[in-house]
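**Q** Here's a sequence, model it:
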Amino acid sequence: DNYSGKKIEVSVVSSFAGLRAFFEQLAHYQRIVSVTNFELKQLDKQSPSRTVDARFDLTAYYVSAERLQSQQAQATPNKAASGGPAPVPAVPQPAK
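**A** Below you'll find the model as predicted:
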């Protein structure tokens with residue numbers, strides 16, 4: 001696996017429109033995230049800004065610093081393994 005995931009449990013009390021706006025922001029994150037175990041309940045006592053209670057697991061995926069360094073090291077050619085530096089190209093000599 002190239003990626004690791006950090007899962008957190010989230011609980012949000014808000015209006016339905018506020019919750020929708022939150023998920024809209026998640027959809028535009030540069031980091032890959034997933035939402036699982038989603039539960040939505042209507043609040044018994046509501047106000048304009050508090051109508052629903054949502055609970056879910058949010059997982060953010062990332063490449064660990066160690067794995068990223070390892071991948072970069074593998075992508076960089078090793079001079080010792082290739083027999084040293086490349087030879088200097090021949091320079092054409094002027095015509096005599």
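**Q** Please make it C-alpha for all contacts and neighbour counts, starting now.
**A** Noted.
**Q** What does the pLDDT read for the residue sitting nearest the centre point of the chain?
**A** Among the residues of the chain, the smallest C-alpha distance to the mean C-alpha position (Cα atoms, centre = their mean) belongs to Arg31, namely 3.1 Å. Per-residue confidence at Arg31 stands at 87 (pLDDT).
**Q** Am I right that it sits in a strand?
**A** No - when the secondary structure is assigned by DSSP: H, G, I helix; E, B strand; the rest coil, Arg31 falls in coil instead of a strand.
**Q** Can you name the residues that contact it?
**A** Taking Cα atoms under 8 Å, 6 or more residues apart in numbering as the criterion, Arg31 is in contact with 60-62.
**Q** now Ser4
**A** When the contact criterion is Cα under 8 Å, 6+ apart, the partners of Ser4 are 61-64.
**Q** Please name the bridge partners of it.
**A** For Ser4, the beta-bridge partners are Tyr62 (DSSP bridges).
**Q** Now do it against Ser34, distance only.
**A** Separation of Ser4 from Ser34 (Cα to Cα, to the nearest Å): 13 Å.
**Q** Check Tyr61 too.
**A** Computed as Cα to Cα, the Tyr61 to Ser34 distance reads 8 Å.
**Q** how far is the lowest-mean-pLDDT helix or strand in the chain from where the chain is centred?
**A** Lowest by mean pLDDT, DSSP states H and E among the helices and strands of the chain is helix 65-75, with a mean of 77. The gap between the average C-alpha position of helix 65-75 and the chain average comes to 16 Å, counting by Cα atoms, centre = their mean, to the nearest Å.
**Q** cool, and stretch 32-39?
**A** Chain-centre distance of stretch 32-39: 14 Å, with Cα atoms, centre = their mean.
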